[in-house]
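Trainee: I'd like to go over a predicted model; first the sequence, then the structure.
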Amino acid sequence: MSIESTSIIINSIRACVPKPLQHVDINSTSLLQDLGIDSLGLMMLTLELEKNTGVKLNAHVESLVQAQTVRDIEKLVSSLQPAVESAQ
Amino acid sequence: MKLIRPLGFGELRMHLLHSMAAGTTQGALLVRVKGIMNNDMNIDRIRRCVDKIKSEHAILSACIVKQQSDYYFAHTAAPDLQYVVHKQAANSSNTWSDNLHAELDHLLNSNEQLWQLVVYTYANENITDFILVMHHAVMDAVGSEYFFDSLFTQLSSAENELAISQETTEFPIAMEADALSACDWQAFIQAQEKVRQLLGQVRLQPHLATCALTQRKTKILDGFLESSVVIQLEKFCNEQQISINSLFSTLFTRAVYEETITRNSFALFSAVSLRPLCPNAPQKAFGCYLSVMPTLHEFQRDWDLVKEAKQHKLKQHQAFMDIARWVPQSFDTATVEKMTETAAAATSFGNDLGFTYAETGLKKNYGAITIVHQYVGARRSLGNVAFILHGLKSAGALYFTLSYVEPLQDADYAQRVFRQFLALAQQICTTNTPAFEDI
C-alpha cells in the first residue's frame, strides 16, 4: 500500500474518531476500539472511506465489521482498489 | 403568516405520520432534577430561561402550515402560546410515569407550536420533573438534550445573564440539502423496496382491536439498571467485542421471542442520527436528522448471546449502508402523503419492533441542580410499531422505557416482554460474575 493511500485511510479514520481522542497518534497497528470507533463510528468510517478512496464497500460490510486494526482496513481497501483502477 | 422554508423529506414524513390524529406530539424527554426549589429558582425564572433560549433559536418559534399542496415551516402567528406549562402535585413518588403518559397523549396544534415544556413541581419536595414534548421535525434526541443542557446552564447562571438575546441562530437547513448520502428519488425508492422485502419475511403482529386513532392511548413501562450492573455489562461487551447497542437489541428481540409463541422472526428498527453525515449541521443543535436501520432477527430455542449480538452488529451495518443513510434530495409531496396514509388504516403493527439507545449529552450537575434520572417517551397512537424500547444511559445507570398502545396491544404481554428483557440483562451479570468462593 502506498504512503499516499495509507495517509488517505488514516485521515478517513481521524475524521471518525471522537473529539476527546483526536490527539491520539494513529498508525497501522492502532486498534479501532482504542480510537473510540464504535459501531456508529464504523458506519461513518465506511462512508468516509468510500468518499476518499472511491471504493464501494457495500458488499464488504462483514470484513469491515471484523476489522480490529487500522492495518485490517488498509488491507481491505487495498484489495479492492486494483479492481476500481482497472475498471477505470 | 411568514413562510420560512418548505419541509424536507424527513421532516415531512414525520409530520404526516403524526398529523393523522388531531395533533402532532411525537416524542418526549422526561428529566427529573433536584435542587431547583432549594435555590430559590421558581417557575418565573424557568420561563425567562426558556424565553432566552427561544430568542436564540428561530426554529423554536416555528409552526408548520400547508399552503396549496406543500408544507412549510412558518413563523407562528398565534398570540400567547404556552411554551412552559406549570403543574403542581402533592408528592413525586411514582407519578412521573403517569405524567409522561398524559403529556404524550396531550396533542399540540402544529399550526401553532411544535414543542412544549411541562414542569411538574411537588408540595414540600425538592424534586422537579421536566417533560419536553416535541414534534420531531424540529427536535430529535440530540435536539431535546441540547434544549435541557441550555436550560440547566441558564438556570445555574447569574440572574443578569438571562437577558433576551438579540442574536438568533439561522433556521437549520433540511437534512437532504447537506447530507453526504443525499440521493435521487429513484435510488431512495429502491432502498425502501429492501425494507418492504424485509417486512415480507415476518408475520407482523395483528392489532387486538380496531379503534380510531383518537381512542388509542400510549402506555409506558419503565425500569432501570443500576450503575454497578451497567459496569458489568460494559465489561462483558468489551471482553466479547460487542457493542452495548447490539447487546440490548439482542436481549430485547430475544425477550419478545420468548414471550411470543407464534413467531420466530422479528424486524427491528433501530434509530440512528444522520447528523454526522451533514457537514454543516452542528453536532449539538435543533433539527431533524432521524433515520432507521431495519434488521431481521430469527430465533431458535438454543441460543448464543454473543454470536447473536455480533450478527446484529453486522446486519445493522449492512442496513445502514443499504437503507438508513439514503435521504432523497427531491420528492413529490403527494407521493409522500400517499406513502404515509396506509399506517392509519392498518390492522397490524406495520414496523414490528423499535429500539433506540443513547448516552446522555447532559452533565450530572449544573451548579446546584442534580439530575436524578432521564426517561425517553414516544407517542404510539399510530400503532405502527408493536413495541419500542428506549434506553438512555445517564450518570452511569441505564433507564429504559417500553412503550406500546392500548387497546391495540395487550398490557400483560407487554409486561412479560419487559420483565423478560430486564431479567436477561441481569442474568448476564449473574452468569459472568465469579461466585464468592472463587474470589
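Mentor: Looks like it came in fine.
Trainee: Go ahead and confirm residue B:78 touches residue B:112.
Mentor: Yes. Taking contacts as C-beta atoms under 8 Å, residue B:78 lies within contact range of residue B:112: 4.1 Å. For every residue, glycine as well, the C-beta is placed using N, CA and C.
Trainee: Give the residue spans of the chain that score low on pLDDT.
Mentor: Picking chain A for this. Residue ranges of chain A with pLDDT under 70: A:1, A:82-88.
Trainee: hm, I was asking about chain B
Mentor: B:22-23, B:38-41, B:94, B:160-165, B:431-439.
Trainee: could you redo the last one with a cut-off of 50?
Mentor: Scanning chain B for pLDDT under 50 picks out the ranges B:434-439.
Trainee: sorry, back to before: for residue B:78 and residue B:112, work out which one has more neighbours and name it.
Mentor: Neighbours were counted for residue B:78 and for residue B:112 using other C-beta atoms under 10 Å in any protein chain shown; residue B:112 has more, 14 against 11.
Trainee: Let me know the secondary structure of the more buried one.
Mentor: What DSSP: H, G, I helix; E, B strand; the rest coil gives for residue B:112 is coil.
Trainee: List phi and psi for it.
Mentor: Backbone torsions of residue B:112, given as degrees, to the nearest 10, read phi -120, psi -50.
Trainee: isn't it right up against residue B:81?
Mentor: Yes. The pair residue B:112 / residue B:81 is scored as a contact, 6.0 Å apart, by C-beta under 8 Å.
Trainee: and the residue in the stretch 51-200 of chain B that chain A sits nearest to, what does it touch?
Mentor: Closest contact between the stretch 51-200 of chain B and chain A, by C-beta to the nearest C-beta, is at residue B:180 (6.3 Å). Neighbouring residues of residue B:180 by C-beta atoms under 8 Å, 6 or more residues apart in numbering or on different chains: A:47, A:51, B:277, B:278, B:279.
Trainee: What about the fourth one, how many residues nearby?
Mentor: This points to residue B:278. For residue B:278, the neighbour count with other C-beta under 10 Å is 24.
Trainee: what's the distance between it and chain A?
Mentor: For residue B:278, the distance to chain A equals 11 Å [C-beta to the nearest C-beta, to the nearest Å].
Trainee: Helix or strand for residue B:53, just tell me which one.
Mentor: Taking DSSP states H and E as the definition, residue B:53 sits inside helix B:43-56.
Trainee: In contact with the residue nearest to residue B:24 when sequence neighbours are not counted, which residues?
Mentor: Leaving aside its sequence neighbours, residue B:24 sits nearest to residue B:110 (C-beta to C-beta, 6 or more residues apart in numbering or on different chains; 4.1 Å). Listed by C-beta under 8 Å, 6+ apart, the contact partners of residue B:110 are B:15, B:19, B:23, B:24, B:63, B:64, B:135.
Trainee: swap the cut-off to 10 Å and go again
Mentor: Contacts for residue B:110 (C-beta atoms under 10 Å, 6 or more residues apart in numbering or on different chains) come out as B:15, B:18-19, B:23-26, B:62-65, B:71, B:135, B:137-138.
Trainee: Around chain A, which positions in chain B sit nearby?
Mentor: Within reach of chain A by C-beta under 10 Å from any C-beta of the partner chain, chain B has these residues: B:180-181, B:238, B:241-246, B:272-274, B:276-277, B:283, B:293, B:310-322, B:324-325.
Trainee: make it 6 Å
Mentor: Taking C-beta under 6 Å from any C-beta of the partner chain as the contact definition, chain B meets chain A at B:243, B:276, B:313, B:314, B:317, B:318, B:320, B:321.
Trainee: Next, the second one: secondary structure please.
Mentor: Each residue gets one of three states, and residue B:276 gets helix by three-state DSSP.
Trainee: ok, so of the contacts of residue B:110, who is nearest residue B:167?
Mentor: Here the nearest of the contacts of residue B:110 to residue B:167, counting by C-beta to C-beta, is residue B:62; it sits at 17.4 Å.
Trainee: Enumerate the helices of the chain by residue range, in sequence order.
Mentor: You didn't say which chain, so I picked chain A. Remark: helices assigned in chain A by DSSP state H are A:3-16, A:39-53, A:61-66, A:70-87.
Trainee: that answer is for a different chain, and I need it for chain B
Mentor: Here chain B has its helices, by DSSP H, at B:9-18, B:43-56, B:96-105, B:141-155, B:185-199, B:227-240, B:244-259, B:305-319, B:333-345, B:411-432.
Trainee: Make JSON lines out of the ones you listed and add mean neighbour count.
Mentor: Listed next are these as JSON lines, based on neighbours: other C-beta atoms under 10 Å in any protein chain shown:
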{"stretch": "helix B:9-18", "mean neighbour count": "22"}
{"stretch": "helix B:43-56", "mean neighbour count": "17"}
{"stretch": "helix B:96-105", "mean neighbour count": "19"}
{"stretch": "helix B:141-155", "mean neighbour count": "21"}
{"stretch": "helix B:185-199", "mean neighbour count": "14"}
{"stretch": "helix B:227-240", "mean neighbour count": "15"}
{"stretch": "helix B:244-259", "mean neighbour count": "23"}
{"stretch": "helix B:305-319", "mean neighbour count": "21"}
{"stretch": "helix B:333-345", "mean neighbour count": "14"}
{"stretch": "helix B:411-432", "mean neighbour count": "16"}
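Trainee: For residue B:208, which of the ones you listed is the nearest?
Mentor: Across the helices of chain B, residue B:208 has its closest neighbour in helix B:411-432 (9.1 Å, C-beta to C-beta).
Trainee: Show me what that closest one is packed against.
Mentor: Of the remaining helices and strands, those touching helix B:411-432 by 3 or more C-beta pairs under 6 Å, 6 or more residues apart in numbering or on different chains; DSSP states H and E are helix B:227-240, helix B:244-259.
Trainee: list the helices and strands the first one packs on?
Mentor: Helix B:227-240 sits against helix B:411-432, with contacts defined as 3+ C-beta pairs under 6 Å, 6+ apart.
Trainee: ok, residues contacting the helix it packs on?
Mentor: With C-beta atoms under 6 Å, 6 or more residues apart in numbering or on different chains as the test, helix B:411-432 has contacts from B:221, B:223, B:229, B:232, B:236, B:251-252, B:255-256, B:258-259, B:402, B:404.
Trainee: cool, and stretch B:2-11?
Mentor: Applying C-beta under 6 Å, 6+ apart, the external contacts of stretch B:2-11 come out as B:70-75, B:137, B:171, B:174-176, B:288, B:328, B:331.
Trainee: go again using 7 Å as the cut-off
Mentor: With contact meaning C-beta atoms under 7 Å, 6 or more residues apart in numbering or on different chains, stretch B:2-11 is reached by B:15, B:62, B:64, B:67, B:70-75, B:137, B:171, B:174-176, B:288, B:290, B:327-328, B:331.
Trainee: Then stretch B:330-350?
Mentor: Counting by C-beta under 7 Å, 6+ apart, B:9, B:12-13, B:16-17, B:20, B:69-71, B:185, B:204-207, B:210, B:213, B:382-386 sit against stretch B:330-350.
Trainee: Same question for stretch B:55-63.
Mentor: Contacts with stretch B:55-63, where a contact means C-beta under 7 Å, 6+ apart, come from B:4, B:53-54, B:73-76, B:110-115, B:138, B:164-165, B:167-169, B:171-172, B:286.
Trainee: in that stretch, what counts as buried?
Mentor: B:55, B:57, B:58, B:59, B:60, B:61, B:62, B:63 (16 or more other C-beta atoms under 10 Å in any protein chain shown).
Trainee: Just the ones of those residues in strands?
Mentor: Using DSSP state E, the subset of these located in strands is B:62, B:63.
Trainee: What is the nearest of the buried residues of stretch B:55-63 to residue A:59?
Mentor: Nearest to residue A:59 among those, counting by C-beta to C-beta, is residue B:59 at 39.4 Å.
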